[in-house]
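1. This is a predicted model, with the sequence first.
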Amino acid sequence: MTDAQDPAPSPSPAPVPAPPPLPPPPAARPRFPRRALAALAVGAGLLLLYGVFLMGRGRLPALDGAALAAARARWAAAACADYRLRLTTEASTLARGAFVIEVRAGAVVAATRDGVPTTGDTTAYTVPGLFTLMRDELALAENPQRSYGAPEGFRAYLFADFDPKYGVPVGFRRIVGGNNKTAEFRVLSFEPLPPGGK
């Protein structure tokens, strides 16, 4: 009998390279509490409002009852019943409009908005109508929470200017603190007309 021979040893498998090291996890971003984010948002809103407020103060004087009464007295003394008024109106809840109002003997005889004849209460855009609007705004500003929905502790700021000769309002702006509800009008031109003319 012949001796059984051991089988030849099989070659060793090639070594498997080690996998590359994993990159470190990204650094966790700092998380801000919701209250801090809300405070930042409120602070940014107040800063914006304060900037608008300063711009308003720089362009128009603050409106009060005495300034309005003095302007109305000048208008009454001028006794101007025939005139043409060009003005623009704008508000946070109202699209901008450009109006041309013609008044004869104290009554509106023609009114256009953006070049189109307009109907409705056009007396609101006459000089007495603008005075009435500002009188009402002064009353509403006494309770801005009820009138404009302002947060507690905030107030409404009113600004206006008047023609030194006729007393005609040349500009008005209202800004409500805390919600930035705005309204304004600007008188572009005031033209006295000959009585009875066309």
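-> Cool, got the structure. Numbers count the residues shown, from 1 in each chain.
2. Only C-alpha atoms from now on, for both contacts and neighbour counts.
-> Noted.
3. Span of stretch 96-110 from start to end?
-> Counting by C-alpha to C-alpha, to the nearest Å, you get 20 Å between the two ends of stretch 96-110.
4. Buried residues, that stretch. List them.
-> Neighbour-count burial for stretch 96-110, counted by 16 or more other C-alpha atoms under 10 Å, picks out 98-104, 106, 108.
5. Kindly export the helix or strand harbouring Gly129 (C-alpha atoms) in PDB.
-> Per DSSP states H and E, Gly129 falls inside helix 127-140. The C-alpha coordinates for helix 127-140 follow below in PDB (Å, rounded to 0.1, in the frame of the first residue of the first chain):
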ATOM      1  CA  VAL A 127     -61.400 120.100   1.900                       C
ATOM      2  CA  PRO A 128     -64.200 119.900   4.600                       C
ATOM      3  CA  GLY A 129     -64.300 116.200   4.100                       C
ATOM      4  CA  LEU A 130     -60.500 115.900   4.800                       C
ATOM      5  CA  PHE A 131     -61.000 118.000   7.900                       C
ATOM      6  CA  THR A 132     -63.700 115.600   9.000                       C
ATOM      7  CA  LEU A 133     -61.500 112.600   8.400                       C
ATOM      8  CA  MET A 134     -58.700 114.100  10.600                       C
ATOM      9  CA  ARG A 135     -61.200 115.000  13.300                       C
ATOM     10  CA  ASP A 136     -62.400 111.400  13.400                       C
ATOM     11  CA  GLU A 137     -58.900 110.000  13.400                       C
ATOM     12  CA  LEU A 138     -58.000 112.100  16.400                       C
ATOM     13  CA  ALA A 139     -61.000 110.700  18.200                       C
ATOM     14  CA  LEU A 140     -60.200 107.100  17.200                       C
END
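6. Need the contact partners of the following helix or strand past that helix.
-> Downstream of helix 127-140, the first helix or strand assigned by DSSP H and E is helix 144-148. Applying C-alpha atoms under 8 Å, 6 or more residues apart in numbering, the contact partners of helix 144-148 are 140-141, 150-152, 154-156, 176, 181.
7. any chance of the residues you listed in JSON lines, plus pLDDT, neighbour count and secondary structure?
-> Listed next are the contacts of helix 144-148 as JSON lines, based on pLDDT from 0 to 100; neighbours: other C-alpha atoms under 10 Å; DSSP: H, G, I helix; E, B strand; the rest coil:
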{"residue": "Leu140", "pLDDT": "94", "neighbour count": "15", "secondary structure": "helix"}
{"residue": "Ala141", "pLDDT": "94", "neighbour count": "19", "secondary structure": "coil"}
{"residue": "Ala150", "pLDDT": "90", "neighbour count": "19", "secondary structure": "coil"}
{"residue": "Pro151", "pLDDT": "92", "neighbour count": "14", "secondary structure": "coil"}
{"residue": "Glu152", "pLDDT": "92", "neighbour count": "11", "secondary structure": "coil"}
{"residue": "Phe154", "pLDDT": "93", "neighbour count": "15", "secondary structure": "coil"}
{"residue": "Arg155", "pLDDT": "92", "neighbour count": "18", "secondary structure": "coil"}
{"residue": "Ala156", "pLDDT": "94", "neighbour count": "23", "secondary structure": "strand"}
{"residue": "Val176", "pLDDT": "94", "neighbour count": "23", "secondary structure": "strand"}
{"residue": "Lys181", "pLDDT": "87", "neighbour count": "16", "secondary structure": "coil"}
